[in-house]
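> Build me a structure from this.
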Amino acid sequence: MSLSLPLHSPLPLSSHPPIFTLFTLPPINLRRHHHHHHHHRYLTTTTTRGSVIQYNTTQQQPLLQVNDLKAKIVENGVEILHGVNLTVNQGEVHAIMGKNGSGKSTFAKVLVGHPDYEVTGGSVMFKGENLLEMEPEGRSLAGLFMSFQSPVAIPGVSNDEFLVMAYNARRRKLGLPELGPLECFSYLMEKLQLVNMKPDFLNRNVNEGFSGGERKRNEILQLAVLGADLAILDEIDSGLDVDALRDVANAVNKILTPKNSLLMITHYRRLLNLLKPTHVHVMEKGKIARTGDISLVAVIEDVGYETVPALT
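Here you go, the predicted structure:
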């Protein structure tokens, strides 16, 4: 009997059943690999010209392009997303806000391939490829990471075991040598400091007996270790006290680079004050109804979601 954690890519386990998780290699490795790939894709008879074409294409192409995305719940056929449009470029921080039931979390789960939802229309391109045709593990390898509101526990698998397997699985996929135990330990310790977690955390089983705050920190540790071109954080701030929220936000800020992007779903201004989104979207009835900069948040707080004027 296999253990399945939804939305994540399979990692080989020697003595454990398959585990599904949504992780990627650190962006530097992934990008190096893809730059090489793009160079050949656009190479013409003139090497210089080929390089220019490759450079321009990667600069202009959105990281994520969502057009008129529609999706329903598989179990009852109810349509939740009624035509979502969103463009995320490299180095941008996007926040999606909205009332409960507006479709925010559904949108995030559809992007990573959650089996509870079925896409009924529209398109999603990620780094120029059709995301909707990829299996969840393919989306992960392409550079997508998602942190859930309620991360699942994995009994019998320790954090260090899990992180090392996930990290080395990505290295293998890209034809890079695996890291040995000592190299891995040193790398993990670095990332623990980033999230302000104690080393004994690595010996505990993944999320087993963890408090809500520890689970959220653990998700960000996974993101720090494995990297992502686009990280989706679904209400990562819910249930966190002030200190934990600050630690999580500080870690996320250190992970962000001019090349990778963040899409966060939240109800609270306090996270936005720490992560400073470049774009704020309001979702209503399964669509993105309004878009603006961080000043839109103050308007929402003053007059509520329903009466916020369009700031497109």
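
> in the stretch 101-250 of the chain, which spans are helices?
Counting by DSSP state H, counting those that start in this stretch, the stretch 101-250 of the chain has helices at residues 104-112, 136-142, 159-173, 181-195, 212-226, 242-255.

> The helix or strand following the last one vs helix 104-112, what angle?
What that stands for is helix 242-255. Per DSSP states H and E, the first helix or strand lying C-terminal to helix 242-255 is strand 261-265. Orientation of strand 261-265 against helix 104-112 (axes from the mean of the first three to the mean of the last three Cα atoms, to 10 degrees) gives an angle of 140 degrees.

> Pull out the buried residues from strand 261-265.
For strand 261-265, burial by neighbour count (16 or more other Cβ atoms under 10 Å) applies to 261-265. Yep, even glycine has a C-beta here, placed from its N, CA and C like the rest.

> For the residues you listed, work out which two are farthest apart.
Farthest apart among the buried residues of strand 261-265 by Cβ to Cβ are 261 and 265. That separation is 14.2 Å.

> any idea how far the spatially most central residue of the chain lies from residue 79?
Residue closest to the mean C-alpha point of the chain, counted by Cα atoms, centre = their mean, is residue 231 at 2.5 Å. Noted for residue 231: a distance of 27 Å to residue 79, by Cβ to Cβ, to the nearest Å.

> Residue 70 too?
In terms of Cβ to Cβ, residue 70 sits 6 Å off from residue 79.

> Now do the shared contacts for the two.
120, 286 (Cβ atoms under 8 Å, 6 or more residues apart in numbering).

> More neighbours: the two, which one.
Per other Cβ atoms under 10 Å, whichever of residue 70 and residue 79 has more neighbours is residue 70, with 18 against 15.

> Assumed that one was part of a strand.
Yes. Counting by DSSP: H, G, I helix; E, B strand; the rest coil, residue 70 falls inside a strand.

> residue contacts, it?
Going by Cβ under 8 Å, 6+ apart, residue 70 touches 79, 81-84, 119-122, 286.

> Now, of the residues you listed, which are buried?
When the contacts of residue 70 are checked for burial by 16+ other Cβ under 10 Å, the buried set is 81-82, 84, 119, 122, 286.

> Show only the entries of the residues you listed found in strands.
81-82, 84, 119, 122 (DSSP state E).

> what residue ranges in the stretch 201-312 of the chain score low on pLDDT?
Within the stretch 201-312 of the chain, the ranges that satisfy pLDDT under 70 run 306-312.

> Low-confidence regions, the stretch 51-200 of the chain specifically.
Along the stretch 51-200 of the chain, the model assigns pLDDT under 70 to residues 51-60, 149.

> gap between residue 98 and residue 293?
Distance from residue 98 to residue 293, counting by Cβ to Cβ: 17 Å.

> Ok, residue 201 next?
Taken as Cβ to Cβ, the span from residue 201 to residue 293 is 37 Å.

> between those two, who's got more neighbours?
Legend: neighbour count by other Cβ under 10 Å for residue 201 and residue 293, higher for residue 201 (18 against 11).

> Next, the buried residues of stretch 238-253.
By neighbour count with 16+ other Cβ under 10 Å, stretch 238-253 contains the buried residues 240, 244-245, 247-252.

> Now tabulate the residues you listed in CSV and tack on distance to residue 207.
Shown next, in CSV, are the buried residues of stretch 238-253 (distance: Cβ to Cβ, whole Å):
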residue, distance to residue 207
240, 15
244, 15
245, 19
247, 17
248, 15
249, 20
250, 21
251, 17
252, 19
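
> List just the nearest of the residues you listed to residue 195.
Nearest to residue 195, judged by Cβ to Cβ, of the buried residues of stretch 238-253 is residue 251 at 4.6 Å.

> these two touch, right, the closest one and residue 195?
Yes. Contact between residue 251 and residue 195 holds when scored by Cβ atoms under 8 Å: they sit 4.6 Å apart.

> any shared contact partners between those two?
Common neighbours of residue 251 and residue 195 are listed as 220-221, 224 (criterion: Cβ under 8 Å, 6+ apart).

> Can you tell me which of those residues lies closest to residue 143?
Closest to residue 143, out of all of the shared contacts of residue 251 and residue 195 and judged by Cβ to Cβ, is residue 224, at 15.0 Å.
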